[in-house]
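Colleague: Give the three-dimensional model of this entry:
(chains A and B)
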Amino acid sequence: MRHLACRFVRFRKKADISKRATMKKRLSRPVTILTFALILLFNLSSFAQTIPTEPEAISAGEALFNGNCKSCHRVKQKLVGPALAGVEDRAPSVKWIIDWVRNPAKVIASGDDYAVKIYEEYNKSQMTAFTSYTDEQILSILAYVKADAAKVDQPKGDNGGEKPETPGVPTGYLNAILIGLVVILVLLLIILGLIINALKKYLDQRDLSEEDKEVVHSKYTINSFVKSSGFIFIVIFLVASVTFKNVIDGLYTIGIQQNYQPRQPIAFSHKIHAGEYEIECRYCHTGALKGKQANIPSANICMNCHSQIREGTNTGTTEISKIYAAIGYDPATGSYTGKQKPIEWVRIHNLPDLAYFNHAQHNNVGGIQCQTCHGPIEEMDVVKQYSLLTMGWCIDCHRKTDVNTKGNEYYDKLLELHNSKKSLKVEDIGGLECAKCHY
Amino acid sequence: MTTKTYWKGLAQLKNDPKFVKHADKEFVDLAVEEDAGHSRRDFLKMMGFSVAAASLAACEAPIRKAIPYVAKPVDADPGISNYYASTYINGGDYCSIVVKVRDGRPIKIDGNSLSKVTLGGTSAQVEASVLSLYDNYRLRGPRAGEKSADWETIDNEVIAKLGEISAKGGQIRIVSNTILSPSTKAAIDKFVAKYPTTKVVQYDPVSYYGIVKANQESLGAAIIPSYDFSKAKVIVSIGADFLGSWLSPIEFTKQFAANREITPDKKEMSRLYTFESNLSLTGANSDYRTAIKPSQEGLVVAQLYKLISGSGSTGIEGIQYLEKVAAELKANAGKALVVSGSNDKSVQVVVNAINNLLGSYGATINTAAPVKFRQGNDEEMAAFVSEVTSGKIDGVIFYNCNPVYDYAKGEELEKALKGLTLSVSTSATPDETASSTAYIAPDHHYLESWNDAEPKLNSFSLSQPAITPIFKTRQVQESLLVWAGEADTDYFSFVQQYWKNRFFSGTDFQGFWDKCLYDGVFEIPGSGTAYSFNGNVEAALSAIASTYKASNSGFELVIQESYGVGNGSQANNPLLQELPDPITKATWDHYVTLSLKDAEALGIENDAEGRTQKVKLTANGKTVTVAALVQPGQAQGTLGIALGYGRTKVGLVGKDIGANVYPLLALGETVGYSITSDVKIEKTDEDFQIAQTQIHQTYMGRANVVQESLLTDYLANPQEWNNKAPKVTSWDKKVPPGSLSLWKGHDYKNHHWGMAIDLNTCTGCGSCVVACNVENNVALVGKQEVINRREMHWLRIDRYYTSDAEIDDYRGMEKAAENPEVVFQPMMCQHCNNAPCETVCPVAATTHSTEGLNQMTYNRCIGTRYCANNCPYKVRRFNWFKYHDNQKFLQANPAMNTDLGRMVLNPDVTVRSRGVMEKCSFCVQRIQSGKLNAKKERRPLKDGEVVTACQAACSTGAILFGDMNDPESKISKLLGIETQYKEVEIDGKKQQVVDYGFDKKVTNPRAYRMLEEIGVKPNIFYLTKIRNKDKESKNA
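Modeller: Next comes the predicted model:
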């Protein structure tokens, strides 16, 4: 059996001991020790297993729920797993829930009736273990679930598909105004023509000299108009300006791929996953908090849900079966064949090699939302490059953005030395320097 | 301020017109071939084509793929490096290391500070070995004869032949260099159990068997003890280059440096005497050096013994400092150490006797913790070769060794191999030996292998794979197990089982194993048996008296390991080929060194561009033709030549460089590395040019480059330098340079990065240079481009010869050239606060950061080269060519020109293209990543979190990098930086606040800035070199 559970990275557990897994990573030891220490600490200290009601616990629980549970559970809706509202009353005890969250396999193996019942009910699919969760954390999640369940449903359209209203004048009005203007202009032309005609007739009735007659009846031929120096000047000027502008604009777009929207090997929809199901971005893009790359999720992350969800909203089984093909999963038997074929996604955001960008700096340290650069990703069926990704675009943001100094002792000294009424911007701490991104 | 004269080479000392002509130029218009075939019309054609190509390229951006893991391993995150402890093993060479693995590829090697053997140090060869993993010359799979085969075929055929041999009772040999791994020995034992006629023959390309024999005779145990140079106050080396190549140079360098530091609190340092023929690294770092001939070596040791024991004389006279050495050794008994590089048993017995007289055993020599680096047995090897040639052997397995190349009788061995029933080599490349065997069963690279090692008694370490095997290779141990009929055992479980049985007691083996693997090293408490001296000195002395002579008329040859390619096993590594030799500063070349006087007598002349003549060198009845290089410090009448060159079956990189001198070695009871009779040298008419780096640029006659002092002078007046530091004249008084400035200066509110380089502990070994190359994707350019003065090394080590003589004292100067003092000075971008390069860049491609860095922005650079012209330190490097994806540089720079090689590149550092300038960045990628880690954990940056590649590679700690704004940082403490305050107005009130200005107040009396007088205020400080010499010796 392949080990698949790769939950949101902060809470993962070491994989089963295979040959490679024994290659112990040098950096992981402090983390392991810390985890053990925490588990010990909380095992010893918190006996009180009542669901808290404090707002802090609820909001902490909400964050944990959104980051880790929401991909499979909703409070009032059955998804991959059961709806959680009222779980504290359904389950045998709060302690049972805690044990279950930490290690469902153990609870099932112990032969617990309720556990076995759920296991059978959900086609023998097992929930991921969250070994590193403390009692306090699990209780806070329950606190949130309880609080959320108590909320009265606000009337809302299905799937939150409400279209936001565009502010200002509706487009219908604008069209009407335009048509009205055109009509008025045409009328004006007709009136002017009529006036000229009337004036001609009036002058013809008068006694005019030959010269004046010629003036009155002079024909404006197209030829004479075209040859007039004024016309030539205007045309040349217009043509030159347009060409110039286009060339400049064209040059500026070299290498810019804004709105680049390639077809992907799997028609994955962010609109469904991030929008409709509100799966936290970093549930799949595990690297965004940790390092340079946000990471395109590996297929085993898809399988956390898609081992259950076998039919998609838009495409039925066609696209989901591509995941199975990639990871070598046979949905009929629910087993892995071992034949894997990596998915070749098309890279959308291509920074040049000479520019260094790190997701952790922006997302983790800077607290910048994914959407700031990637746009309304939760509305995109097919992802496109939303931002310019030019150096000017980067610099612009570094000029405008405040440094996220809150709760970060790294910036304490800089903040103290800033000594200005204005807020501390990224550019104030060297955010415009070359070697911040080019090395 | 030092008043000595420093010179880079003989050309500068002699004021060679060719040298003077180019001395002040950054870019020299050498006769570089220009293609005259291009005309203006070609230019227009090219322009038109480029414009068309550019516009086409603009239309269609290439589609780039992003391919994630199918099932991501838990600990592997793209873009985040993992570090694994492992062990570098190359024959008997050992280093405990930490491998940086990025996206599944090992890209950098650092020392493992948990090791009590190598103490966190590395060497140039260890640093460079990561590139050998991606060597294109490696075999893709096993081979039978010339054809590639699969493992099953090989196994079947080998097993069949082994069965055949064993059925008729034929002899089988496993030939190997030193085997450090106890598990490997256990695997071999399994093989021997299956085929009982098998014997294991260990030999080393550079033999230490003389020491082993001497110890067996005089200590009663065939061991090599461990030495501790840090405990010695007086060290005497007689031909033992312990800082360069002798036995365990990484460990010894670290120990030696520990006792060379001078701080305001530590006012003592050791004193090093050397007696040697070639100018070695140890000789270059010694306080007193005497040039002797190898034919005198034994007598020098014997005389030293007699002087110390007070038992007469051997009759040798005129060996400078010998009486002084004897007196000092006696005075420092118990804190003294005498080592000899001789492979002559008698000499080593007498050395043991001297150490015994001095009470070194138990103090500076530990016989209870013998080292296992050199287990080779010259007698067994000689017996093996004669057995093979006389047809007494039926089957041979060469375990990762190359005796056809690196054994004196390699040629005979090669011929004899053809007639054997079975010959197998396990080399990873089809080298000289492997290509003459019937089967090649290639081993993994050490970075792909599981293994263990026992470098010292009771000290163990583990190797773990840092990458899945790239090719269809297999570990030798596994091959041996398969051939021994244990096909089910994989070597990983074998090692694990071995450790479980031998070291583990308790319940949680997995925990024990994980801890050992995490640490990389494991020690068993307790020590072995200590041995005491009980040798027959008189017999050894009389043996010496019969073989050595006080004077010898003919030439003598001293053969030593190359500092770059070592014993030749890494000859295909361009990082080592392009690493300038610490002493001669020659790259990519093999040469014989000879003294100035001998060169004059032979009519050999070296010019400022490294042009020389080839010579025919005959010794031991064999002749090689190599270039001649005039070397100050070479003992007159001796010739020096390096092993490791002249490889014939080697990849593109190492091919056709120099000659193989292993056949020149003298074979006796032990292999002799000096030949004292029948050595002939003859000048040929063939001209040759050696690519030397040191002669390239000068500081244009500016004075304040190297500072040095004698220990006594320094202790008497530590402020000597500060008092004499250069001053400039203002309108009323003399002020320090830089206090008057047109520049506005900088405020470094956050960090102020700086570096301190201790000239006292820098031994010039060059591991920092290789580490910098690997970390920063520095291009290698090849021999011709080095000759054209276009090497790209960001960090170089300047080597100066010096003499006490004044510039007009011609006789004094000439004397100095015979045996000069040497100074090593690591030189890289000085990150000037008033940087001259920044002001001349027309496009602001080089700018100053708010953390004190001088930033170089490649994508902005248009290649005017103004900056390099204006750099007083000559550290900027220009990309004259596109060194990547350019078949012209395939030979010199495979790391950027082959798909395999490119895997070693550091993804955090841009690969520079043609036409841009580059230079040391203070490893800004490491700074940024260190800061990011601190920010992610919401805490201030800690000292020691950011370590530059050169600092990490420096075994002696001569390079120290850190934040000079942090009063608690090591660098602030070393330099004695005093916090300064300034008055500012905050909310209308005047307050004293810390001044974070760029000009730090440095109080360490040894610290100085190079070229202080020009006032560019570098962020790198050098610490004055202190020589532990007596004052009167100046005129000796």
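
Colleague: name the element B:S461 belongs to?
Modeller: Assigned by DSSP states H and E, B:S461 falls within strand B:459-463.

Colleague: Can you verify my assumption that B:V650 contacts B:T433?
Modeller: No - with contact defined as C-beta atoms under 8 Å, B:V650 does not reach B:T433; the gap is 11.9 Å. From N, CA and C alone the C-beta is placed, and that goes for glycine too.

Colleague: These two - which one has more neighbours?
Modeller: Counting neighbours by other C-beta atoms under 10 Å in any protein chain shown for B:V650 and for B:T433 shows that B:T433 has the greater number, 27 against 24.

Colleague: ok, now how distant is the residue positioned nearest the centre of chain A from chain B?
Modeller: Geometric centre of chain A, nearest residue: A:I377, 3.4 Å, by C-alpha atoms, centre = their mean. Noted for A:I377: a distance of 16 Å to chain B, by C-beta to the nearest C-beta, to the nearest Å.

Colleague: What backbone torsions are found at that residue?
Modeller: Note on A:I377: its backbone torsions stand at phi -60, psi -30 [degrees, to the nearest 10].

Colleague: which residue sits closest to it, ignoring its sequence neighbours?
Modeller: Leaving out its chain neighbours, the residue that sits closest to A:I377 by C-beta to C-beta, 6 or more residues apart in numbering or on different chains is A:H270, at 5.1 Å.

Colleague: Quick check: pLDDT value at that neighbour.
Modeller: We have a pLDDT of 94 for A:H270.

Colleague: pretty sure it contacts A:D381?
Modeller: Yes - contact criterion C-beta under 8 Å: A:H270 and A:D381 qualify, at 7.4 Å.

Colleague: between these two, which one's more packed in?
Modeller: Between A:H270 and A:D381, counting by other C-beta under 10 Å, A:H270 is the more crowded of the two (20 against 13).

Colleague: show me what contacts that one?
Modeller: A:377-378, A:380-381, A:383 (C-beta atoms under 8 Å, 6 or more residues apart in numbering or on different chains).

Colleague: how about the residues you listed in JSON lines, adding secondary structure?
Modeller: Output for the contacts of A:H270, formatted as JSON lines (DSSP: H, G, I helix; E, B strand; the rest coil):
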{"residue": "A:I377", "secondary structure": "helix"}
{"residue": "A:E378", "secondary structure": "helix"}
{"residue": "A:M380", "secondary structure": "coil"}
{"residue": "A:D381", "secondary structure": "coil"}
{"residue": "A:V383", "secondary structure": "coil"}
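
Colleague: which among those residues gets closest to chain B?
Modeller: Closest approach to chain B among the contacts of A:H270 (C-beta to the nearest C-beta): A:V383, at 12.0 Å.

Colleague: Pull the number of nearby residues for the closest one.
Modeller: A:V383: 20 neighbours (other C-beta under 10 Å).

Colleague: could you measure it against B:Y227, distance?
Modeller: Using C-beta to C-beta, to the nearest Å, one gets 64 Å for the distance from A:V383 to B:Y227.

Colleague: Strands of chain A, start to end?
Modeller: Listed in chain order, the strands of chain A (DSSP state E) span A:329-330, A:335-336, A:345-346.

Colleague: Name the stretch among the ones you listed that sits most buried.
Modeller: Neighbour counts (mean count of other C-beta atoms under 10 Å in any protein chain shown) averaged over each of those peak at strand A:329-330, with a mean of 18.

Colleague: what's it packed up against?
Modeller: Helices and strands touching strand A:329-330, as assessed by 3 or more C-beta pairs under 8 Å, 6 or more residues apart in numbering or on different chains; DSSP states H and E, comprise strand A:335-336.

Colleague: what about the strand it packs on, average pLDDT?
Modeller: 88.

Colleague: Run the chain-centre distance for that strand.
Modeller: 32 Å (C-alpha atoms, centre = their mean, to the nearest Å).

Colleague: can you check stretch B:527-543 too?
Modeller: Relative to its parent chain, stretch B:527-543 has a centroid offset of 33 Å by C-alpha atoms, centre = their mean.

Colleague: And that stretch, end to end?
Modeller: Taking C-alpha to C-alpha, to the nearest Å, stretch B:527-543 runs 34 Å from one end to the other.

Colleague: Next secondary structure element downstream of the strand holding B:S461?
Modeller: Trace forward from strand B:459-463 with DSSP H and E and the next one is helix B:476-483.

Colleague: So is the next helix or strand after that next one next to chain A?
Modeller: Once the chain leaves helix B:476-483, the next helix or strand it forms, by DSSP H and E, is helix B:491-503. Yes - applying C-beta under 8 Å from any C-beta of the partner chain, one finds helix B:491-503 touching chain A at B:F492.

Colleague: and the residue lying closest to A:G338 once chain neighbours are set aside, how many neighbours?
Modeller: The shortest distance from A:G338 to any non-neighbouring residue, by C-beta to C-beta, 6+ apart, is to A:G328 (5.6 Å). Using other C-beta under 10 Å, the number of residues around A:G328 comes to 17.

Colleague: Equivalent analysis for B:D508, please.
Modeller: For B:D508, the count of nearby residues is 10 (other C-beta under 10 Å).

Colleague: what do you get for B:L667?
Modeller: 15.

Colleague: cool, and A:I195?
Modeller: A:I195, neighbours per other C-beta under 10 Å, totals 10.

Colleague: doesn't B:Q992 fall inside a helix?
Modeller: No - read with three-state DSSP, B:Q992 is strand and lies in no helix.

Colleague: Look up the residues forming beta bridges with it.
Modeller: B:E983 (DSSP bridges).

Colleague: Now find how far off-centre the longest helix anywhere in chain A is within its chain.
Modeller: Taking DSSP state H as the criterion, chain A has its longest helix at helix A:171-205. In terms of C-alpha atoms, centre = their mean, the centre of helix A:171-205 is found 52 Å from the chain centre.

Colleague: tell me which element B:T684 is part of?
Modeller: strand B:674-689.

Colleague: Can you name every helix or strand that that strand contacts?
Modeller: Counting contacts by 3+ C-beta pairs under 8 Å, 6+ apart, strand B:674-689 packs against helix B:294-309, strand B:555-560, strand B:611-619, strand B:622-630.

Colleague: could those go into CSV alongside mean neighbour count?
Modeller: Formatted as CSV, these follow (neighbours: other C-beta atoms under 10 Å in any protein chain shown):
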stretch, mean neighbour count
helix B:294-309, 24
strand B:555-560, 24
strand B:611-619, 20
strand B:622-630, 20
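
Colleague: can you tell me which of the ones you listed comes nearest to chain A?
Modeller: Nearest of the helices and strands packed on strand B:674-689 to chain A, taken as C-beta to the nearest C-beta: strand B:555-560 at 36.8 Å.

Colleague: just checking, what packs against the closest one?
Modeller: helix B:294-309, strand B:638-642, strand B:674-689.

Colleague: Reformat these as TSV; add mean pLDDT and distance to B:S113.
Modeller: Below are the helices and strands packed on strand B:555-560 laid out as TSV (pLDDT from 0 to 100; distance: least, C-beta to C-beta, whole Å):
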stretch	mean pLDDT	distance to B:S113
helix B:294-309	94	36
strand B:638-642	96	31
strand B:674-689	93	37
